[in-house]
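S.K.: no sequence on this one, just coordinates:
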């Protein structure tokens, strides 16, 4: 019996962080779609679906990571930020929070917790 690979939509405006995070996830056998901001993520989500939304909080554009996370409760959500979790009172109990800078081990552990 084969399982479909997990699909993650990675939304991050920092090119280096986006590329490294995608490489880590892909190395773990996860299918990754990337978007450089919330607007691009919304455009992708108009036709695509993901199991997990992994989004930065503060990004340029009209759609913030907070708005993305709040709008797409049909997906499991992993939020990342350089700020303390306490500064993000809007995070709902089912969301995972990953503080920046994060490493490979903590990223994969957060995704594994969400994947259940």
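M.R.: Looks like it came in fine. Keep in mind that what you see is a predicted model, and the values were worked out from it rather than measured.
S.K.: just the buried residues of stretch 86-106, please?
M.R.: 88, 91, 95, 96, 97, 98, 102 (16 or more other C-beta atoms under 10 Å). Where you see a C-beta, it was placed from the backbone N, CA and C, and this is true even at glycine.
S.K.: what average pLDDT does it get?
M.R.: Mean per-residue pLDDT for stretch 86-106: 93.
S.K.: quick one: terminal-to-terminal distance for it?
M.R.: 19 Å (C-alpha to C-alpha, to the nearest Å).
S.K.: try stretch 96-107
M.R.: Rule used - C-alpha to C-alpha; the end-to-end distance of stretch 96-107 is 10 Å.
S.K.: picking up where we left off before, tell me which of the buried residues of stretch 86-106 is nearest to residue 64?
M.R.: residue 88 (11.1 Å; C-beta to C-beta).
S.K.: ok, the buried residues of stretch 86-106 vs residue 26, which is closest?
M.R.: Distances from those to residue 26 were compared by C-beta to C-beta; the smallest belongs to residue 102, at 16.4 Å.
S.K.: three-state assignment of the closest one?
M.R.: coil (DSSP: H, G, I helix; E, B strand; the rest coil).
S.K.: i'd like the first residue to be 56 from this point on
M.R.: Renumbered: residue one is now 56, and that last one reads residue 157.
S.K.: wait, what's in contact with it?
M.R.: When contacts are counted by C-beta atoms under 8 Å, 6 or more residues apart in numbering, residue 157 touches 135, 165.
S.K.: before I go, just wanted to say thanks for your time.
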